[in-house]
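model this:
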Amino acid sequence: MRNDFSDTREHILDVGESIILGKGYAAVGLSEILATAEVPKGSFYHYFKSKEQFGVDLLGRYFSDYAARIDERFQNTALPARARLMGYWRQWYDNQAACSCHQQCLAVKLSGEVSDLSDAMRETLKAGMNAVIERIARCIAAGIADGSLPMHLNPQQTAQTLYQLWLGASLLTKVRKEPSALDATMASTYALLGIAPGQTN
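Residues are numbered from 1 along each chain as shown. Next up, the predicted model:
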């Protein structure tokens, strides 16, 4: 059960995430977040000791929620692991190809921007991304075990490579405002996993 403290804190984080997805971290001041959230500026420090701490908590919350969504998808054993994994990449494609700030990933949005601004935020990004890669690796290992993915794959190395490809393609898509990088990465994903293009199960 939430109390007033956690409700207000979550509300500030919700509002801040929405604004930062549109403008970035550095371009958004606390006054804009708090005015939009209709929270007095002086009360901000009851919840966060600084804007940097707000950013750390925002990223920590994002990755916690994201990990829960990945776990729900990857633990659906009604589908072979290959189908679970490819469903994940197709959803990534759809979210990034939309070129809408509210559809896009906070990690993609902030990874290039905050890594030089804040070691604490960079470390939170690194830990969150590593946790995502680990989940992808476990899904690949499950695919090897159930026979839906080739035996020769190295789960950790393949997960690392795929995540890097998709992250880079997402950044290029933001620059180009069209999905050719995502199209190329989807084709590379099928090839790397040894799956016939378009195969879904």
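
show me where the protein has strands.
With strands called from DSSP state E, the chain shows none.

Quick check: the residue of the chain most remote from its centre vs residue 32, distance?
Distance from the C-alpha centroid of the chain peaks at residue 42, with 31.2 Å (Cα atoms, centre = their mean). Counting by Cβ to Cβ, to the nearest Å, the separation of residue 42 from residue 32 is 16 Å. Bear in mind the C-beta positions are built from the backbone N, C-alpha and C, glycine included.

Same question for residue 156.
The value you get for residue 156 to residue 32, if Cβ to Cβ is used, is 41 Å.

With residue 23 instead?
The value you get for residue 23 to residue 32, if Cβ to Cβ is used, is 9 Å.

Hmm, residue 122 is touching residue 112, no?
No: under the contact definition of Cβ atoms under 8 Å, residue 122 does not touch residue 112, with a separation of 10.9 Å.

between the two, which one's more packed in?
Neighbours were counted for residue 122 and for residue 112 using other Cβ atoms under 10 Å; residue 122 has more, 17 against 12.

Now do the more buried one, the pLDDT please.
Residue 122 is assigned a pLDDT of 94 by the prediction.

can you tell me which residues contact it?
Residue 122 is in contact with 114, 115, counting by Cβ atoms under 8 Å, 6 or more residues apart in numbering.

What is the burial count for the residue nearest to residue 108 when sequence neighbours are not counted?
Distance criterion Cβ to Cβ, 6 or more residues apart in numbering; nearest residue to residue 108, sequence neighbours excluded, is residue 170 at 4.6 Å. A count of neighbours around residue 170, defined by other Cβ under 10 Å, yields 24.

cool, the one 10 residues further on as well?
Other residues near residue 180 come to 11 when the count uses other Cβ under 10 Å.

again with residue 73
Around residue 73 there are 15 residues (other Cβ under 10 Å).

Verify the stated contact: it with residue 87.
Yes: with contact defined as Cβ under 8 Å, residue 73 and residue 87 form a contacting pair (6.5 Å).

can you pull the contacts of residue 132?
Residues in contact with residue 132 (Cβ under 8 Å, 6+ apart) are 63, 66, 67, 70, 163.

Is it correct that the second one is in contact with residue 128?
Read that as residue 66. Yes: contact criterion Cβ under 8 Å: residue 66 and residue 128 qualify, at 7.5 Å.

just to revisit the earlier point, out of the contacts of residue 132, give me the one that has the most neighbours.
Highest neighbour count within the contacts of residue 132, by other Cβ under 10 Å: residue 63, with 20 neighbours.

Name the nearest residue to it, sequence neighbours excluded.
residue 128 (3.2 Å).

Grab the longest helix from the protein for me.
The longest helix of the chain (DSSP state H) is helix 119-146.

which residues in this protein form helices?
Going by DSSP H, the chain shows helices at 4-23, 30-37, 51-74, 81-97, 106-114, 119-146, 155-176, 180-193.
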